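S.K.: heads up, no residue letters with this:
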């Protein structure tokens with residue numbers, strides 16, 4: 001979520017965890033923020049989709065959409 005140090009790559013596994021100054025609070029904060037983004041959508045589509053569809057969307061939202069959009073903003 002804090003951006004990639006090397007601008008020539010779009011996604012880097014080595015930058016997945018901040019190595020300097022990263023604590024459990026940073027990982028917890030990003031996890032809770034991703035979950036909050038998914039629950040906002042659940043309120044909007046409550047009762048309109050099947051649970052399996054929402055579960056798949058939540059996985060895509062928290063694993064792809066949230067980190068990519070957040071990384072581009074930071």
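M.R.: Looks like it arrived, so ask away. Remember, it's a predicted structure, so these values are computed and weren't measured experimentally.

S.K.: Against which helices or strands is the lowest-mean-pLDDT helix or strand in the chain packed?
M.R.: Lowest by mean pLDDT, DSSP states H and E among the helices and strands of the chain is helix 66-73, with a mean of 74. Contact partners of helix 66-73 among helices and strands, from 3 or more C-beta pairs under 8 Å, 6 or more residues apart in numbering; DSSP states H and E: helix 24-44. Every C-beta, even on glycine, is put in place using the N, C-alpha and C of the backbone.

S.K.: Looking at the helix it packs on now, give me its mean pLDDT.
M.R.: Here helix 24-44 scores 82 as its mean pLDDT.

S.K.: For residue 57, grab the count of nearby residues.
M.R.: For residue 57, the count of nearby residues is 16 (other C-beta atoms under 10 Å).

S.K.: which one is it nearest to, not counting chain neighbours?
M.R.: residue 41 (6.9 Å; C-beta to C-beta, 6 or more residues apart in numbering).

S.K.: what about that neighbour, how many residues close to it?
M.R.: Residue 41 has 14 nearby residues by other C-beta under 10 Å.

S.K.: for the one 3 residues further on, same thing?
M.R.: When counting by other C-beta under 10 Å, one arrives at 8 neighbours for residue 44.

S.K.: How about the one 3 residues further on?
M.R.: Number of residues near residue 47 (other C-beta under 10 Å) recorded here: 4.

S.K.: Ok, residue 48 next?
M.R.: Neighbours of residue 48 using other C-beta under 10 Å come to 8.

S.K.: what about it, which SS state?
M.R.: Secondary structure for residue 48, judged by DSSP: H, G, I helix; E, B strand; the rest coil, is coil.
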